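[1] Sharing a sequence plus its predicted fold:
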Number of protein chains: 4
Amino acid sequence: MSFTFGKNFRVTVFGESHGDSIGVVVEGSLSGMKIDLSFIQKELDRRKPGGVFTSRRKERDKVEILSGIFNGKTTGAPVTMRIKNEDIDSEPYDMIKDTPRPGHADLTAHYKYGFYDHRGGGIFSGRVTAAIVMAGALAKEILLQNEIKILAHVIQIGDIRVSKEISDEDIERNVPISNVNCADLDVSKRMEEEVLRAKKDGDSVGGIVECRVIGVPIGIGDPIFDSIESVLSHMIFSIPGVKGIEFGSGFSSASMKGFQHNDPFFIRNGKILTLTNNSGGILGGISNGMPIVFRVAMKPTSSIMKKQRTVNIKKMEECEIYLRGRHDPCIAIRAVPVIENAASIVIADLIWDKIYKSL
Amino acid sequence: MSFTFGKNFRVTVFGESHGDSIGVVVEGSLSGMKIDLSFIQKELDRRKPGGVFTSRRKERDKVEILSGIFNGKTTGAPVTMRIKNEDIDSEPYDMIKDTPRPGHADLTAHYKYGFYDHRGGGIFSGRVTAAIVMAGALAKEILLQNEIKILAHVIQIGDIRVSKEISDEDIERNVPISNVNCADLDVSKRMEEEVLRAKKDGDSVGGIVECRVIGVPIGIGDPIFDSIESVLSHMIFSIPGVKGIEFGSGFSSASMKGFQHNDPFFIRNGKILTLTNNSGGILGGISNGMPIVFRVAMKPTSSIMKKQRTVNIKKMEECEIYLRGRHDPCIAIRAVPVIENAASIVIADLIWDKIYKSL
Amino acid sequence: MSFTFGKNFRVTVFGESHGDSIGVVVEGSLSGMKIDLSFIQKELDRRKPGGVFTSRRKERDKVEILSGIFNGKTTGAPVTMRIKNEDIDSEPYDMIKDTPRPGHADLTAHYKYGFYDHRGGGIFSGRVTAAIVMAGALAKEILLQNEIKILAHVIQIGDIRVSKEISDEDIERNVPISNVNCADLDVSKRMEEEVLRAKKDGDSVGGIVECRVIGVPIGIGDPIFDSIESVLSHMIFSIPGVKGIEFGSGFSSASMKGFQHNDPFFIRNGKILTLTNNSGGILGGISNGMPIVFRVAMKPTSSIMKKQRTVNIKKMEECEIYLRGRHDPCIAIRAVPVIENAASIVIADLIWDKIYKSL
Amino acid sequence: MSFTFGKNFRVTVFGESHGDSIGVVVEGSLSGMKIDLSFIQKELDRRKPGGVFTSRRKERDKVEILSGIFNGKTTGAPVTMRIKNEDIDSEPYDMIKDTPRPGHADLTAHYKYGFYDHRGGGIFSGRVTAAIVMAGALAKEILLQNEIKILAHVIQIGDIRVSKEISDEDIERNVPISNVNCADLDVSKRMEEEVLRAKKDGDSVGGIVECRVIGVPIGIGDPIFDSIESVLSHMIFSIPGVKGIEFGSGFSSASMKGFQHNDPFFIRNGKILTLTNNSGGILGGISNGMPIVFRVAMKPTSSIMKKQRTVNIKKMEECEIYLRGRHDPCIAIRAVPVIENAASIVIADLIWDKIYKSL
């Protein structure tokens, strides 16, 4: 009962890693809105596996429209998109039926569902994020038409962390050419090495992704339960592997004083801005017009090629497991387009009535 | 439109800092469930202002039942509770009508609402968390009857951080006698000094609260949008001043390897446990039977007694502001009961159908 | 879990017939909107018991504001209103603890809840509709400011039915002076006699209420699950005693031909209207600009002063019951303000974003 | 924003009459539940057009599974089903782009959406009810496993009405062999003539469908906003062409006295039953164990082959319209499987936690 998100721009995801399709139904689409499918395809391609830094599973991930778009425009009806699963290799998953992989949902899925599609992780697979990307790309396209831009980039992999100031332009220019979606190309190289080192070891490594939402007008979001932080974090923790989220000053605020933390207001060109952005663009749950900035901690991929301790849940005895299959050595890399598009869904949902109004 | 939370144990909060009442409606309460009002009162008392480490506002905060409880038992109808606002001093707030306080919702509330109850922060006030505490205490009482315990404690204030291992017993024993809700009494003393130092300076200081949920059975929560992390973070970011949340290994997972991060399974007394708890008790969004552990970053209180830069939004010119009023020097302290009770609402909501089932 | 209604103008009702209060929390209220409490009080007064044609229970039903209104204007925070229960006589209800009243919720409440507040019907009491009236009156006031008028009137009691055409003006002029809320004053007299005859017999009688929503702009409502009919009927069946609802031609459409039923379009003063209104102002779930017209069947009051067959659920044996207490001989009469205000909530919810937009 | 229904067994429909697919996503499906696709196909076939009494559009309407079923069992993930649109003839719809058909959603869709898929009525088409049937058939199959049976049948077409008592067995035996889904085979013949007469005239005719839900245990449903009547009517009014709904005694209750209307309780075989069933199996919004009975008024099909008055919305002038295309002469006939399956969704949603519990 947790496959639907949003109030005004509402997405319902479906699909399993080794089932027929991964797809999404989007409600709330305006009618008569021009949709460029190649934009959605491009976002899907950014998420697509393949290459040395990601899983070797090969999928075309070609988006198909099942409803809601007619003559290149939205009709007001739900927009349904899906991709077919093609390069399915379920065989490595037979061994895990009774021996849950450490760090995976195998054990909890077993206890929750009894029976489920264990192949490739089923609904728990990171592959299901393709549904989020499809819906998010639709949102992103609309947000761009409303001059709202969402930019994510990797700021840490293992112990390698970006230390210099990164401009929005750095992200736009460098992330597409970095193999690890890092905006500092020097650091990017060192991150690549870190990832390959882990991979060579049959291991994986964690990372941190930063995301910026630029151009959100002042006054979006709500106090209490629908604060921007509440709904963004709700969405972001839907992405497998996320361990933490922080806004603006985040965890570093704990060691700060109020005078240092409060962002002083000033006026430039008739607009009220803040000198610093410790608030991460949000005050009282509501946008203050500054960029919304948050950081997401991604754990190292659970699927590793090393012998691990686990249990056989049928025999209820301890044992070892040694996985095969095709896995990402560092999920933080492919998390970049996922986080961007996930955030797009949330921002579209929050701002939907204003977009509507502007028609 | 953001004053309601939950699907099965649903709370709707109401009230403003300087209005008539702060209250909450709780839907989903079982009928015939014994409710000890003194338990709810005790949780409210833990949150109550007063004393050198918190605000000097004096409120009795006496819980009153408006509906849903008859002869000491829930009737199946919504349970409505409220406290009256009594010690109201709205005068200091007149000055902020046109000059938003840095770090506060004054600016965003102005732009969102045009007109709102600016006195004491209105709906944006931390005082509204009393509504969360009332509903949470009801949940907590029911969770305790089902052997689920929720324990929060301060682990950092400013640069003072608890470094030793803290047991559940430490929390239960020491937090009630610590002035700053810290389970390590030596560290607690140093935290007190840190708080008083900030207060003397007319300043404030941030902190980190850890929370543990003990006794949640395996299989609670859902994949994707209703992962335990999603709904817990959604709730926790409703609390004013929260800047970040992390589960288990959290942000430190970024620099970890998969082999180190994956919690190995083993069997003890016929139960499957994990050797470490980097997962924070959650795999694939679902409880794995280990304690659910999360940490919350609280910013330093925005209301400080120092001159600050701000703007006059009527005249649209820069100016200075010098606040008076009664404020907490460190909101992390009083956040402890709020986070415990907020988490209780979430866990009750997630587990509601199991509790129902057990009748 | 069914005490909340609406998406944009959301109401949460609470209270029981013989508990402390009956109240409602309204979310979605615009900030800065002028609210005249005497308007809300007037609607409550229309619903109030008292007089020969209704129950003799005496309640002041004086509305109190607990939150959301400051200096006579809404603040953006939830608006909470309540009335206190005063003239409580629970004694007659002791007898029904084990012997459910035919036609009442006593039996089903017993099986659903085990324990509940049986006094006066608890949450099942018609008195809880006062909460709907309070919220609806708030909505109605706002709708009136947007030139939307909602008018209900009794068209049938027992076998006495209004046969002549009733204009909107008839309703506005005559309903307030009719003892049974009927717009045809001649028929009204005969209805009075019908009611008094039933009352004298210790019996009750059913009726039909018609409701018109005038001034709804074209384009409100949605296809499929949020058709105007869907949400209006959802709300109306929340009112105790409702047995049926029909829109426009309603049940008579079954014996009509398409050519006769289709309302022909024509143009007058630059607006598209229909010659007839069999559609009841709704096409495809969406308003077409004509008055929305629906009729509601109200059963005869279940509480009658005649000996009836029932069972003792403790002893599981058949028995008889002879009720006392203060009851309405015909609930259709007092249903008029309830239906008007219930419909106001629905229309406000559907049109909320347009009202918002007009600011 | 109105394509999703339900809380526990939640359906999201998508598709348009002349788009790629009609489909549905079902959340809340139990894992490990055996699903017989041929059962779902059979329900779809009952709804399928073709034959003299229904539209001549020819569709295979073959259900395809996109997710949620693996090895013939549900996996816990959303179940997604769809049918492809095949026999599309959009050409007759070009003429209606500017001249809305009387009785149709053309006008309101135009005003609401500006742009939409006008071909075949788009999302407003009765064809979208195939999505409700697919989801409902899944629900129905599960309900049958829990001994809950849902039976609908036509009781009136035009002025021809079933007058004799109809048993559940009559419905099960006769409806499948009646050309108009009527359980009284003599009346069925006369109804056929009525339909053919209307058809020959290029006209259409209305009807009434009765539906019975047998086997619902006592205690399902909720007071106030989630009364069984509220949620059932909400769903039923989603079906195009529905003009009214009544439960038990329905509109006839208006002319009844309380003593006559109250269903007396008695005991048979240790169970509490009622002598009559004026309540329609529902007291206080909650099931009382008796069959839930409701009747649905269906208007005559709007698409008729007669010249009608309408307007040209571009030129804003009055004109005439003369439709072609393939239409049902009486939608009440095909409404029978739609109402059965729509009701199945609602009952499954209401009873979901009990079904879950029984595992």
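    In hand now; what should we look at? Numbering: from 1, shown residues only, chains lettered A, B, ... in the order given.

[2] The closest residue to A:R295 other than its chain neighbours sits in which helix or strand?
    In space, and not counting its chain neighbours, A:R295 is closest to A:E210: 4.9 Å by C-beta to C-beta, 6 or more residues apart in numbering or on different chains. No exception for glycine: its C-beta is placed from N, CA and C like everyone else's. Remark: A:E210 resides in strand A:207-214, with elements defined by DSSP states H and E.

[3] quick one on the thing from earlier: my guess is the residue nearest to A:R295 meets A:P291, correct?
    No: the criterion here is C-beta atoms under 8 Å, and A:E210 misses it with A:P291 at 10.9 Å.

[4] Walk me through which strands whichever strand or helix holds A:I267 pairs with, and which way each runs.
    Assigned by DSSP H and E, A:I267 belongs to strand A:265-268. Here strand A:265-268 is paired, per DSSP bridges, with strand A:271-274 (antiparallel).

[5] So which bits of the partner strand are buried?
    For strand A:271-274, the neighbour count (16 or more other C-beta atoms under 10 Å in any protein chain shown) marks A:I272, A:L273, A:T274 as buried.

[6] Among those, which one sits closest to C:T54?
    A:I272 (57.1 Å; C-beta to C-beta).

[7] give the contact list for that closest one.
    By C-beta atoms under 8 Å, 6 or more residues apart in numbering or on different chains, the contact list for A:I272 reads A:F265, A:F266, A:G289, B:L107, B:V311, B:I313.

[8] So which of those is the closest to chain D?
    For those, the closest approach to chain D (C-beta to the nearest C-beta) belongs to A:G289, at 27.7 Å.

[9] looking at it, that closest one is touching A:N277, isn't it?
    No: applying C-beta under 8 Å as the test, A:G289 and A:N277 come out as separate, 10.6 Å apart.

[10] still on that earlier bit, pull up the pairing partners for the strand holding A:E210, direction included.
    Strand pairing for strand A:207-214, using DSSP bridges, gives strand A:149-157 (antiparallel), strand A:292-298 (antiparallel).

[11] send the alpha carbons of the shortest one over as PDB?
    Written as PDB, here are the backbone C-alpha positions of strand A:292-298 (Å, rounded to 0.1, in the frame of the first residue of the first chain):
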ATOM      1  CA  ILE A 292      16.700  24.400  -1.600                       C
ATOM      2  CA  VAL A 293      19.800  22.400  -0.800                       C
ATOM      3  CA  PHE A 294      19.900  18.900   0.700                       C
ATOM      4  CA  ARG A 295      22.400  16.100   0.900                       C
ATOM      5  CA  VAL A 296      21.700  12.400   0.800                       C
ATOM      6  CA  ALA A 297      23.900   9.600   2.300                       C
ATOM      7  CA  MET A 298      24.000   6.400   0.200                       C
END
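
[12] for it, the distance to its chain's centre please.
    Here the centre of strand A:292-298 is set off from its chain's centre by 10 Å, with C-alpha atoms, centre = their mean, to the nearest Å.

[13] ok so, going back, what's in contact with the strand holding A:E210?
    With C-beta under 8 Å, 6+ apart as the criterion, strand A:207-214 contacts A:148-158, A:161, A:166, A:168, A:171, A:181, A:281, A:291-298, A:330-333, A:335-336, A:339-340, A:343, A:347, B:251, B:254.

[14] Please check the residues you listed and keep the buried ones.
    For the contacts of strand A:207-214, a burial check counting by 16+ other C-beta under 10 Å picks out A:148-158, A:161, A:166, A:171, A:181, A:281, A:291-298, A:330-333, A:335-336, A:339-340, A:343, A:347, B:251, B:254.

[15] residue ranges with poor pLDDT in the stretch 251-359 of chain A?
    Judged by pLDDT under 70, the stretch 251-359 of chain A has its weakly predicted residues at A:356-359.

[16] next one: the stretch 51-200 of chain A
    Within the stretch 51-200 of chain A, the set of residues satisfying pLDDT under 70 comprises A:56, A:92.

[17] Residue numbers of it in contact with chain D?
    Proximity of the stretch 51-200 of chain A to chain D (C-beta under 8 Å from any C-beta of the partner chain) is limited to residues A:64-68, A:70, A:73-78, A:80, A:82, A:109, A:112-117, A:119, A:122-123.

[18] Go again with 7 Å.
    Within the stretch 51-200 of chain A, the positions adjacent to chain D are A:65-68, A:70, A:73, A:75-78, A:80, A:82, A:113-117, A:122-123 by C-beta under 7 Å from any C-beta of the partner chain.

[19] What's the PyMOL syntax to select whichever of the residues you listed are buried?
    Buried members of these, defined by 16+ other C-beta under 10 Å, are picked up in PyMOL with:
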select buried, chain A and resi 65+66+67+68+70+73+75+76+77+78+80+82+113+115+116+117+122+123
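
[20] Which of the residues of the stretch 51-200 of chain A next to chain D fall in helices?
    A:Y113 (DSSP state H).

[21] same for chain B: which of the residues of the stretch 51-200 of chain A next to chain D are within range?
    Near chain B, judged by C-beta under 7 Å from any C-beta, the entries from those are A:I123.

[22] the helices in chain A, which residues?
    For chain A, the helices defined by DSSP H cover A:37-47, A:106-113, A:129-145, A:168-174, A:185-200, A:228-236, A:258-261, A:331-357.

[23] Am I right that A:Q156 is in contact with B:A254?
    Yes: with contact defined as C-beta atoms under 7 Å, A:Q156 counts as touching B:A254 (5.1 Å).

[24] Which residue does the stretch 151-300 of chain A have closest to chain B?
    Closest point on the stretch 151-300 of chain A to chain B, by C-beta to the nearest C-beta, is A:G284, at 2.4 Å.

[25] My read is that that residue contacts B:Y111, right?
    No: between A:G284 and B:Y111 there is no contact under C-beta under 7 Å: 10.8 Å.

[26] Who has more neighbours out of the two?
    Taking neighbours as other C-beta atoms under 10 Å in any protein chain shown, A:G284 and B:Y111 compare with A:G284 leading, 27 against 19.

[27] nearest spatial neighbour of that one, skipping sequence neighbours?
    Nearest residue to A:G284, sequence neighbours excluded (C-beta to C-beta, 6+ apart): B:A105, at 2.4 Å.

[28] Surely the one you found touches A:I282?
    No: look at B:A105 against A:I282 with C-beta under 7 Å: they stay out of range, at 9.5 Å.

[29] what separates A:A183 from chain C, distance-wise?
    The gap separating A:A183 from chain C is 39 Å, by C-beta to the nearest C-beta, to the nearest Å.

[30] ugh, wrong one, I meant A:S21
    23 Å.

[31] before we move on, what about A:P240?
    Per C-beta to the nearest C-beta, A:P240 is found 30 Å from chain C.

[32] Give me the neighbour count for that residue.
    26.

[33] Next: A:R60.
    For A:R60, the count of nearby residues is 12 (other C-beta under 10 Å).

[34] and if you look at A:A183?
    Neighbourhood size, A:A183 [other C-beta under 10 Å]: 25.
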